[in-house]
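**Q** no sequence on hand, only this structure:
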Ligand SMILES: Nc1ncnc2c1ncn2[C@@H]1O[C@H](COP(=O)(O)OP(=O)(O)OP(=O)(O)O)[C@@H](O)[C@H]1O
């Protein structure tokens, strides 16, 4: 056990009640908790801690799928061709866009992210292209749009599929002609901008439905990069969880903080529909809930705990249950522990499957 694990005690005995999560062993109330007792309680239950790798341009991952993404980013970065990032929400599309910018010749220029889905329809045009004073009732002064602000840099159009057909045409014209006018302005402006776009919507389907213009798609999708869901790179779950925890611990000066093995296996068993963002939120929730150096399964959000239960239930099958019961001499509590499920789960399973188990 590295010495940092006992750092919270600063070598001095602390006084509080401490219970070993696995064995239920408890230090006497008010008696000093020695580092040795702390180690006794937590060493077997804690996850192993190989050193964290340095994030690659803010992106953490060692799975071959994410390494292939690093490679695609490296290839795309030096050119000015538009890149389109697809992938579900929370998979790291914005991080990838920033990495492309950082690795490009534009890195000393601005990176301007704009969430097309978050701007009210009537303001999209002025947000993208700027406006002249008096162009509309609230235009009290002239304002530059995102295209101008991104001059000599990169414009990141997030949620590009949320643009209305009208604004898609405006965007297409700028990409085709390389010039635009501010709303209410007559002078054509030319800027030097690289466009990276992203969406979590299926653009092929949107085109088939007529809600996304095909010509715009081909303008944006010159270099496509698809961000894989976290589910497809499950090997990175532990790494990412430890990374987010480490960052939280550093930020709030609460070091060291560690996940117990049961907490890690809950995280590993979850299917993460919200991808890395959901994992990050779950870790932060656990960090806040635990309030101390050890984050256990019970500190994780209910969604993660609930879903894991369902997954475990789905994984039960009559053969493994019969086998567990046989191994445990028919004792259901022991069989439940053997199977890694709660007693109630096993009882529910038995009620449903008793006829097939011959009981
Ligand atoms: N591989 C990763 N390593 C470290 N942090 C990550 C990684 N992937 C995502 N994140 C973090 O998860 C959060 C969501 O990432 P990001 O905003 O880039 O996702 P997104 O795909 O653009 O999401 P959306 O489609 O909802 O806009 C951010 O806080 C980001 O820092």
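**A** All right, it came through fine. This is a predicted model, so every value here is computed, not measured.

**Q** C-alpha only now, for contacts and for neighbours.
**A** Noted.

**Q** in stretch 321-328, what's buried?
**A** Residues of stretch 321-328 classed as buried by neighbour count (16 or more other Cα atoms under 10 Å): 321-322, 324-325, 328.

**Q** and the residues you listed as TSV, adding secondary structure?
**A** Output for the buried residues of stretch 321-328, formatted as TSV (DSSP: H, G, I helix; E, B strand; the rest coil):
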residue	secondary structure
321	helix
322	helix
324	helix
325	helix
328	coil
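
**Q** pLDDT and distance to residue 288 for those residues - can I get that in a markdown table?
**A** Shown next, in a markdown table, are the buried residues of stretch 321-328 (pLDDT from 0 to 100; distance: Cα to Cα, whole Å):
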| residue | pLDDT | distance to residue 288 |
| --- | --- | --- |
| 321 | 81 | 37 |
| 322 | 81 | 41 |
| 324 | 74 | 37 |
| 325 | 82 | 39 |
| 328 | 76 | 39 |
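
**Q** out of those, which is nearest to the ligand?
**A** residue 321 (37.7 Å; Cα to the nearest ligand atom).

**Q** and the gap between the closest one and residue 143?
**A** 68 Å (Cα to Cα, to the nearest Å).

**Q** what pLDDT does the model give the residue nearest the centre of the chain?
**A** Nearest to the geometric centre of the chain sits residue 276, at 1.5 Å (Cα atoms, centre = their mean). Listed pLDDT for residue 276 reads 98.

**Q** quick check: residues of the chain near the ligand?
**A** Applying Cα under 6 Å from any ligand atom, one finds that the chain approaches the ligand through 58-61, 88-95, 200, 276-277.

**Q** show the buried residues in those.
**A** Buried among the residues of the chain next to the ligand by 16+ other Cα under 10 Å: 60-61, 88-94, 200, 276-277.

**Q** in helices only, show me these.
**A** Among those, the members found in helices (DSSP state H) are 93-94, 276-277.

**Q** can you put those residues in JSON lines and add distance to residue 184?
**A** Output for these, formatted as JSON lines (distance: Cα to Cα, whole Å):
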{"residue": "93", "distance to residue 184": "34"}
{"residue": "94", "distance to residue 184": "32"}
{"residue": "276", "distance to residue 184": "42"}
{"residue": "277", "distance to residue 184": "40"}
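
**Q** and residue 71, what pLDDT?
**A** 98.

**Q** could you do residue 137 as well?
**A** 71.

**Q** now swap in residue 338 and tell me
**A** pLDDT at residue 338 comes out at 67.

**Q** where does the stretch 151-300 of the chain get nearest to the ligand, which residue?
**A** residue 277 (4.0 Å).

**Q** contacting residues for that residue?
**A** By Cα atoms under 8 Å, 6 or more residues apart in numbering, residue 277 lies in contact with 90-91.

**Q** give the contact list for residue 84.
**A** 196-198, 220-225.

**Q** phi first, then psi, for residue 153.
**A** Backbone torsions for residue 153, taken as degrees, to the nearest 10, come to phi -140, psi -150.

**Q** sorry, wrong one. I was asking about residue 169.
**A** Taking degrees, to the nearest 10 as the convention, residue 169 sits at phi -70, psi -40.

**Q** neighbours of it, how many?
**A** 15 (other Cα atoms under 10 Å).

**Q** one more: residue 246?
**A** 17.

**Q** for it, which non-adjacent residue is spatially closest?
**A** residue 257 (7.3 Å; Cα to Cα, 6 or more residues apart in numbering).

**Q** next, give phi and psi for the one you found.
**A** The phi/psi pair for residue 257 (degrees, to the nearest 10) is phi -130, psi 140.
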